[in-house]
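>>> here you go, sequence then predicted model.
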Amino acid sequence: MRNIIDDPIQKNIELYYAFIQFVSMITLQKVSAIETRKNELKNQMKNAGQKNLITYKKR
C-alpha cells in the first residue's frame, strides 16, 4: 500500500500548505513588529504633548 505522501498531488498540496503557513507566520511577525512600533510612537507623541502642555501652563 502506498503512503499518501507518495501521491504527487497530495505532496504538492502539503508543500503548498507548508509554504502558506510559513509566509503567514512571517507576515504575522512583521505586523506585530509594526504594531509595537506604532504603539511606541503613539506613547512618545502622547508624552511629548503632555510635556508641551505642562510647559505652556507654566508660562
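Cool, got the structure.

>>> might you report the residue contacts of P8?
Contact partners of P8, counting by C-beta atoms under 8 Å, 6 or more residues apart in numbering, are absent. For glycine as for every other residue, the C-beta is placed from the backbone atoms N, C-alpha and C.

>>> what separates it from I34, distance-wise?
39 Å (C-beta to C-beta, to the nearest Å).

>>> now do K11
35 Å.

>>> M25 now?
15 Å.

>>> check F22 too.
19 Å.

>>> do L15 as well
Distance check for L15 against I34: by C-beta to C-beta, it reads 29 Å.

>>> one more: Q44?
For Q44 relative to I34 (C-beta to C-beta), the value is 16 Å.

>>> the strands in this protein, which residues?
In the chain, no strands are defined using DSSP state E.

>>> ok, which stretches of it are helices?
Secondary structure of the chain by DSSP state H: the helices cover 8-58.

>>> low pLDDT regions in it?
Along the chain, the model assigns pLDDT under 70 to residues 1-5, 53-59.

>>> next up, the contacts around the spatially most central residue of the chain.
Closest to where the C-alpha atoms of the chain average out (C-alpha atoms, centre = their mean) is V31, at 2.1 Å. Not one residue lies near V31 by C-beta under 8 Å, 6+ apart.

>>> mind checking how far it is from K38?
Taking C-beta to C-beta, one finds V31 at 10 Å from K38.

>>> and D7, what are its phi and psi?
Phi and psi for D7, reported as degrees, to the nearest 10, are phi -70, psi 120.

>>> what about it, how many neighbours?
12 (other C-beta atoms under 10 Å).

>>> got the contact list for it?
Applying C-beta under 8 Å, 6+ apart to D7 gives no contacts.

>>> give me that answer again for 10 Å
By C-beta atoms under 10 Å, 6 or more residues apart in numbering, D7 lies in contact with I13, E14.

>>> what about it, distance to L15?
12 Å.

>>> do the same with N52
Distance from N52 to L15, by C-beta to C-beta: 55 Å.
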